[in-house]
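# Everything below, folded, please.
(2 chains)
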Amino acid sequence: MIIDYVGVKEINGSLIVIDGVQDASFDEIVEIRLDNGTRRQGRIVQMDGQRIVVQVFEGTRGLSLENTRTRLTGHPMEIALSPEIIGRVFDGVGRPIDGLGDIFPDKKADINGTPINPVSRVYPQNYINTGISTIDTLMTLIRGQKLPIFSGSGMSHNELAVQIVRQAKIADEAGQGFCVVFAAMGVKNDVADYFRRSFEESGVLQRVVMFLNLSNDPIIERTLTPRCALTAAEYLAFTLNMHVLVIMTDITSYAEALREFSSSKGEIPGRKGYPGYLYSDLASLYERAGMVKGSTGSVTQIPILTMPNDDITHPIPDLTGYITEGQIVLDRALQGQGLYPPVSVLPSLSRLMKDGIGEGFTRADHPALQNQLFASVAKVNDARSLASVIGEEELSPTDKKYMQFGKLFETYFVNQGFSTNRSIDESLDLGWKLLGTLPRAELDRVDDAILDEYYNETSPEDFKQ
Amino acid sequence: MANKNVIYGINGPVVTVKNAKDFSMMEMVYVGEERLVGEIIGITDNTTTVQVYEETSGLKPGDPIVGTGAPMNVTLGPGIIDNIFDGIERPLSEIEKSSGAFISRGASVPSLDPNKKWNVTIKVKPGDKLFGGQIYATLPETPIIEHRLLVPPLVKECEVISVKPDGEYTLHDTIVTVKDENGKEMELTLCQKWPIRTPRPVKNRLSASIPLVTGQRVIDTLFPIAKGGTAAIPGGFGTGKTMTQHQLAKWCDADIIIYVGCGERGNEMSQVLQEFSELIDPKSNRPMTDRTVLIANTSNMPVAAREASIYTGVTLAEYYRDMGYNCAIMADSTSRWAEALREISGRLEEMPAEEGFPAYLPSRLSEFYERACLADTLCGAQGSVTMIGAVSPQGGDMSEPVTQNTKRFTRCFWALDKDLAYSRHYPAINWLSSYSEYFTDLDPWFVKNVGEDFIKYRGRISALLQEESSLMEIVKLIGSDVLPDDQKLVIETCRVIRVGFLQQNAFHPEDTYVPLEKQKQMMKTILYLHKKAKHLVGAGIPISRVLETGLFDKLTKMKYDIPNNKLEMFDQYRAEIREKLAQAAQA
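So this is what the prediction gives:
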């Protein structure tokens, strides 16, 4: 027998309280029907005996204490999955919005997922060639990794994500399929449109699953969007054995939605008003990347977040950095100089690259080159800060060499442009060519044997072609 | 049926029960139809609060809660080593067998394999008097670890009534029967239980006197840690906390390593699993896994189990300490544990202290770190538990509560530095802000085993680094050209110390582990060059001519060029320094 509960006891923000509910379970989805015929969905977030607190996804506007009928659905939040979802567009909670009708489900899955058993994980070691020199050489993306882009408002993170999707050779040797799952959380309509257009232009649109929660959509749905997207991604990767690249933008909007929800529940806030469980909550998203035994697919995540006020110590980038396996940091000063992609090399990092590069993966000299480039770029910064005090003229000859190296590095290595696709050999050779402008004695991170093979003195003129 | 307790309210991992009188504080309970593991954390007249170690979705008010009558405990016995557990000692590979690659809830698997046969040697005979903590049998747990079965430590005195012959037994077979002073019989099997939040007793604690040799130059030389000591590794993300922990787990000279991945990345745990099974321990020629226990509670696994995981880890370590082993526990990261405390405290609506952390954070931290010790154990052996906890300060800000409180309760502080990490100077341990309080405790050992000069060189190296840091202040302002030659020499020597000595390449076969003797020889050679060069500079020979000899660059690379087993090469190096500098002086 299905019981309708008439009316609610209390309304507060997006939360409603209903009394006298029988047989409800924690985290269950309820359906709320208004007297005017509209339907909304909600989720049970707290229970005290027969009193339940429900979070209404579409918001509580128009609800009164008497005009609703609530019904328990008997299951947690689920989405319908089938191979047909590829190429489709859904809203933030997984309902199709492209007018092509409902999905006929192969299976239904709880969007919260379950944690991957650490012993069942396969350690990711296959690199993804993105064709972008800075990323491939210095912060190599590995299949099954989660590598966020730390950016700021107005910087070219979207272009970078699109370029990665377009250029990434992600399908494996067996020609196995890949697909992209795109989750938009609170992004502007234009941005979602830009992604859609770019996917279309690069011919991958038929391989994209889109989950769109735009900035004017209900914020409570926003907290579910990435979970729907990742559930779809896990299905594609681990059931259908595809290589899935998940792009989630913008994590900052997600965290803000979480904060709003938390404060309306009256929870004790942690840093900057974000709930104390922000770390666990973000981890429950990011940790869904990886590969598992018994399946040949993989889930690789590129979350994009705009750092509020470009502050990398803000709780959102900070906690993200503690969970993800590295980060790609974009820099406003580089962007200001018109360089693209404006990747700031020093704070960027890929934690998984050390076992996915070198002999048998990319090239034997890659680890040494990577190490030396980082060290040399760090010296450039020292030289620049010295020059800002005493003037460039007064620098020692070595420091002047570093200033020159820094300039060349940014102009030729970092600034490669939106349409240039460089092979890993091209990127590595360019790296050695740049190091050639420095005296050999300065390259203290590299074995002599490797230097003998790769070091050739070059001058700035060699770069002008 | 008497007094069936049921769920009343649910809020995330916190569940409440109304009008229950039969639960005790910290009792372990089973919650709901799926029997999720939980623990009683609060009792008032009419409400009992339970924290549940698993995901609570799907629980209903009215579901049963069953007490176990005992506090949260772990099973101690053979089969712990070479295993990987979750935060409450459930073996993850068994869970994988029962529920596949994704962990489902309420997985009920025994902690240790009950069917595996162990080759037991009985060490007592009828009539023997036994005390708590004494050995009654041994068995080979792995080829390098002999597992010693101990009488439960709280037993006062008992007499052996009967013993089984040596042979193969499983975990729950009774092998020895004893009678305590009241005449009550007790059966001793291959395993026992111990509550995770209670430290296991020892005969008496000893003061630190032996270093934990790690083969990492910056640690062994400048900031050594003692066996039975405590250390904190704070650092923002990307500064190499986990890498440092891995290096220590691989190379330190403890008998047993307990690696607790507390709220960290899943891929990192799979890396540890893969690396440790491939890596051969140079001392025993066996895979590292033969001496390692992993506790993995990744960041997306339930938060309450994360809170328990470090206690589980330290309890396992104490059990092996009691057998007479030196154990080291690596907790990565204690900040995640503190955040789990904060999360649960928030759910309980407790009054928050600094940054939302509960006011009892410092006392919990001190309770944890005080379980590290070097001790005479009840069985008469000497064992130790060394604790190395990573701390992940929010925003890299070392003034936050977890770092500050950890600093109060640990005696080594290896501060990881963002700038060093950015320039890929690993291990990124900052030599100016780190410290070790164990110098005076450990110096006698170093004098006896490595030589008095080791301590002398260490002092000179840190003095040079200090001097360099004040010189660098000037260089940052006006450039290095204005410095007089003798100060330039200090900067050049410190460059060798920093790049050639402090920086250590974990991926280089020779450099990943460096024995103490080589560390000493490296220091000696660097200081020798410095002394000789200073002599020349003092005699008016320009520093550029000294640098042209290429000796500084050569010493920078000696960590790679001199293999760990060819230390006699250092003499050649010093001879070369003598020659080349003599030439430079004449030219």
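
# spatially speaking, which residue is in the middle of the chain?
Answering for chain A, as no chain was given. By Cα atoms, centre = their mean, the mean C-alpha position of chain A lies nearest to A:Pro303, the distance being 0.8 Å.

# oops, I was thinking of chain B
Short answer for chain B (Cα atoms, centre = their mean): B:Met330, at 2.0 Å.

# Point me to the helix or strand that includes that one.
According to DSSP states H and E, B:Met330 maps onto strand B:326-332.

# cool, and A:Ile316?
With DSSP H and E as the test, A:Ile316 turns up in helix A:315-323.

# If you count contacts, what does that helix end up packed against?
Packing partners of helix A:315-323 (3 or more Cβ pairs under 8 Å, 6 or more residues apart in numbering or on different chains; DSSP states H and E): strand A:149-151, helix A:251-264, helix A:278-286, strand A:298-306, strand A:326-330. (Glycine included, C-beta is placed from N, CA and C.)

# run the last query once more with 7 Å
Packing contacts for helix A:315-323, counted by 3 or more Cβ pairs under 7 Å, 6 or more residues apart in numbering or on different chains; DSSP states H and E, involve helix A:251-264, helix A:278-286, strand A:298-306.

# Out of these, which is the most enclosed?
strand A:298-306 (a mean of 26; mean count of other Cβ atoms under 10 Å in any protein chain shown).

# and the angle from that one to strand A:326-330?
Strand A:298-306 and strand A:326-330 are oriented at 40 degrees to each other (axes from the mean of the first three to the mean of the last three Cα atoms, to 10 degrees).

# Is any residue of strand A:298-306 near chain B?
No - applying Cβ under 7 Å from any Cβ of the partner chain, one finds strand A:298-306 separated from chain B by no less than 11.3 Å.

# Which residues does that strand contact?
With contacts defined as Cβ atoms under 7 Å, 6 or more residues apart in numbering or on different chains, strand A:298-306 is touched by A:128, A:143-153, A:157, A:161, A:164, A:233-234, A:237, A:243-252, A:286, A:288-291, A:316-317, A:320.

# Can you tell me the element the nearest residue to A:Ala441 once chain neighbours are set aside falls in?
Closest residue in space to A:Ala441, ignoring its immediate chain neighbours: B:Asp553 at 5.8 Å, by Cβ to Cβ, 6 or more residues apart in numbering or on different chains. Assessed by DSSP H and E, B:Asp553 sits inside helix B:551-556.

# May I see the buried residues of the next helix or strand after that helix?
Counting by DSSP H and E, the next helix or strand C-terminal to helix B:551-556 is helix B:558-561. Across helix B:558-561, burial judged by 16 or more other Cβ atoms under 10 Å in any protein chain shown covers B:558-559.

# Remind me what helix B:558-561 packs against, helices and strands.
On a contact count with 3+ Cβ pairs under 7 Å, 6+ apart, helix B:558-561 meets helix B:516-538.

# could you point out which element follows the helix ranked longest in chain B?
For chain B, the longest helix by residue count, based on DSSP state H, is helix B:452-478. Once the chain leaves helix B:452-478, the next helix or strand it forms, by DSSP H and E, is helix B:485-495.

# contacts for that following helix?
Against helix B:485-495 from outside (Cβ under 7 Å, 6+ apart): B:464-465, B:467-468, B:471, B:480, B:526, B:530, B:533-534, B:537-538, B:542-543, B:547, B:552.

# how does it look with 6 Å?
Residues outside helix B:485-495 that contact it (Cβ atoms under 6 Å, 6 or more residues apart in numbering or on different chains): B:464, B:467-468, B:471, B:530, B:533-534, B:537, B:543, B:552.

# thinking again about what came up before, okay, buried residues for the helix holding A:Ile316 please.
Buried, per 16+ other Cβ under 10 Å, within helix A:315-323: A:315-323.

# Repeat that for stretch A:449-465.
For stretch A:449-465, by 16+ other Cβ under 10 Å, it's A:450-451, A:454-455, A:458.

# which residues are in contact with that stretch?
Counting by Cβ under 6 Å, 6+ apart, A:365, A:368, A:412, A:432-433, A:436-437, A:440 sit against stretch A:449-465.

# can you do 8 Å?
Stretch A:449-465 is contacted by residues A:365, A:368-369, A:404, A:408, A:411-412, A:432-437, A:440, A:443 when judged by Cβ atoms under 8 Å, 6 or more residues apart in numbering or on different chains.

# Could you export the longest strand anywhere in chain B as CSV, CA atoms only?
Determined from DSSP state E, the single longest strand within chain B is strand B:382-391. C-alpha atoms of strand B:382-391 as CSV (Å, rounded to 0.1, in the frame of the first residue of the first chain):
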residue,chain,number,x,y,z
GLN,B,382,62.9,-5.2,24.2
GLY,B,383,60.6,-3.8,21.6
SER,B,384,59.6,-0.4,20.3
VAL,B,385,56.8,1.5,18.5
THR,B,386,58.0,4.4,16.5
MET,B,387,55.4,6.8,15.2
ILE,B,388,55.7,9.0,12.1
GLY,B,389,52.6,11.0,11.4
ALA,B,390,52.1,13.1,8.3
VAL,B,391,50.2,16.3,8.8
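
# Tell me where the model's unsure across the chain.
This is for chain A. Within chain A, the ranges that satisfy pLDDT under 70 run A:1, A:170-176, A:465.

# hmm, I had chain B in mind actually
In chain B, residues with pLDDT under 70: B:1-3.

# Could you give the bridge partners of A:Ile44?
A:Val54 (DSSP bridges).

# Go ahead and confirm it touches A:Ile32.
No - using Cβ atoms under 8 Å, A:Ile44 makes no contact with A:Ile32, being 11.9 Å away.

# Leaving out the residues flanking it, which one is nearest to B:Arg148?
Nearest to B:Arg148 is B:Met323, by Cβ to Cβ, 6+ apart, at 4.1 Å.

# how close does the one you found sit to B:Gly77?
Here the criterion is Cβ to Cβ, to the nearest Å. By it, B:Met323 lies 12 Å from B:Gly77.

# Need the overlap of contacts for the two.
With Cβ under 8 Å, 6+ apart as the test, B:Met323 and B:Gly77 both reach B:His147.

# The spatially closest residue to B:Glu354 that is not a sequence neighbour: what's it in contact with?
Ranked by Cβ to Cβ, 6+ apart and with sequence neighbours excluded, the top spatial neighbour of B:Glu354 is B:Pro401, at 4.6 Å. Contacts for B:Pro401 (Cβ under 8 Å, 6+ apart) come out as B:338, B:353-355, B:357, B:361.

# And B:Pro401, how close does it get to B:Ala232?
13 Å.

# cool, B:Ser98 as well?
38 Å.

# before we move on, what about A:Glu393?
Distance from A:Glu393 to B:Ala232, by Cβ to Cβ: 46 Å.

# try B:Ser469
Relative to B:Ala232, and taking Cβ to Cβ, B:Ser469 is found at 22 Å.

# burial measure for B:Lys534, as a count.
If you count neighbours by other Cβ atoms under 10 Å in any protein chain shown, B:Lys534 ends up with 16.

# Excluding chain neighbours, what is closest to residue 283?
As the question left the chain open, I've gone with chain A. B:Ser299 (3.3 Å).

# actually it's chain B I care about, not the one you picked
B:Asp253 (7.6 Å).
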